[in-house]
Each structure stands twice: as C-alpha cells, then as structure tokens.
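> what's the 3D shape of this:
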Amino acid sequence: MRWRAAKENRRTKNRIRSFLHYFGIIPPVEVNAENWSLAFINWLNYQVMLPTESGTLSLKYLLKAYQNTREQLLEVTKQLRHQVKTYYPQIYKSLMTAPGIGPIVAMCLIAEIGDISRFKSYRHLASYVGFIPRSHQSGDKDPKGKLTYRSNKYLRSSLVEAAWTAMRYDPALLKYYKDRITKYDSRIVIIKIAHKLLNRVRQVWLTQNKYQMGLS
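Predicted structure coming up:
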C-alpha cells in the first residue's frame, strides 16, 4: 500500500511540474521546489498567477490531488512503522544498522519477507527477491547481467537503491565496486552489490546483531 501511495504521489508531482512547464512558470530558488517544501506548496497556492480561469482551476485540482496522495502516504507509512515496531522491534532495529537500510527499506524487508526462516538458504531468498541470473548464466560470467523475470519488485528495487548508499559507507562494498566498474556496466555492478547487501542483511536478521562494516 505504501508503494502504491508513493507512486501516486510521484505521479501527481510530475503532473504539477509538467503543468508549470506548460505555462513557462519557473519556481524561485528560495522555495526549494526540488524537495517540495512547505514554502513551495504555499507559493503554488498563493503566488502563482495563471492567465486563464481554466488554468487556475486545473492547478487547484492538481494541488488538491497532491495533498490527498501526500496524506495517504503519510498515514500508511505511520501505520506500517507502528506495525513493525510492535511486532518486529528487534529485527527492525537490527536491520537499520546496515548502511543504506533506513526505516522505509527496513519496513519493506519485514513486510515482504515476514519470517526469514522460511527460506532454507540464502539462494532461496535471493531467488525470491530476484537476484538469481537466468538459466545457464552466472552473476560474474553473464556480460549483460540479465536477471530472472521472477522477482519481488518491491524488495529488488529497494535493495538496489539501498546498495548505492551502502557502498559509500562500507569500504568492502566500495572496493568491490571500484574493482569491477572498469569491466562491467554500473547497473550490473550495483546489482551485484545489492546481492551482497542482501546476504549480509540476512545474517543480521538471523543473528539480530549489528551490521559489520568491511567484511568481504
């Protein structure tokens, strides 16, 4: 539900950006439009002047839609955080010791995986996420880095995004990236790093110990 709410919120933001672009309206730097600050929202509501009545009404409806999607996103995130803190407090706390794993990714892991012991091995977990290469390909030998079509889209996208942050803080992951970036496309390398991150997250989950930086 959170993923859908976030997707709808992004779509509405893009519609508003396109709308402003259509009318040639450029937000002033001080309202911090990139981060959708309160100043930017107030500027949209009270300072943007459009040449037509239909344009004014359209912007009004777009801003109302943005507010609705934002409220839904905040509410479902609040409820999801309450659920994981109530039923998985130690796991939630342990997962966030891993670099790149913040509250949102930790909640995604818990919500989608549930009981990690249901996966007999790391390979079973990696297959569920979608980090196993297609048949007759290995992660290091496949030059195109093609993964199986079967995947959990929430987990795979969240872990790939987390991997970009993780390698900036974990020296072992950063070294892995630097050693391979001259041979492979960056998208392939970051998937390999996400693969490694998932394996380490599994160990943290099973032991409920803190993440150890710099392990090979």
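> Checking my notes, Pro99 in a strand, right?
No: under DSSP: H, G, I helix; E, B strand; the rest coil, Pro99 sits outside any strand and is assigned coil.
> Next, work out how far apart Arg70 and Asp115 are.
The gap separating Arg70 from Asp115 is 33 Å, by C-beta to C-beta, to the nearest Å. Using the backbone N, CA and C atoms, a C-beta is placed for each residue, glycine as well.
> Neighbour count for those two, which is higher?
Neighbour tally, Arg70 and Asp115, criterion other C-beta atoms under 10 Å: the higher count belongs to Arg70, 17 against 6.
> For the more buried one, which non-adjacent residue is spatially closest?
Nearest non-adjacent residue to Arg70, counting by C-beta to C-beta, 6 or more residues apart in numbering: Asn9, 5.8 Å away.
> Next, the buried residues of the host helix or strand of that neighbour.
Per DSSP states H and E, Asn9 falls inside helix 2-22. Within helix 2-22, the residues that count as buried by 16 or more other C-beta atoms under 10 Å are 2-3, 5-6, 8-9, 12, 16, 19-20.
> would a markdown table of these with pLDDT and distance to Glu34 be doable?
Listed next are the buried residues of helix 2-22 as a markdown table, based on pLDDT from 0 to 100; distance: C-beta to C-beta, whole Å:
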| residue | pLDDT | distance to Glu34 |
| --- | --- | --- |
| Arg2 | 92 | 22 |
| Trp3 | 92 | 22 |
| Ala5 | 95 | 21 |
| Ala6 | 95 | 17 |
| Glu8 | 96 | 20 |
| Asn9 | 97 | 15 |
| Thr12 | 97 | 16 |
| Ile16 | 97 | 13 |
| Phe19 | 96 | 17 |
| Leu20 | 95 | 13 |
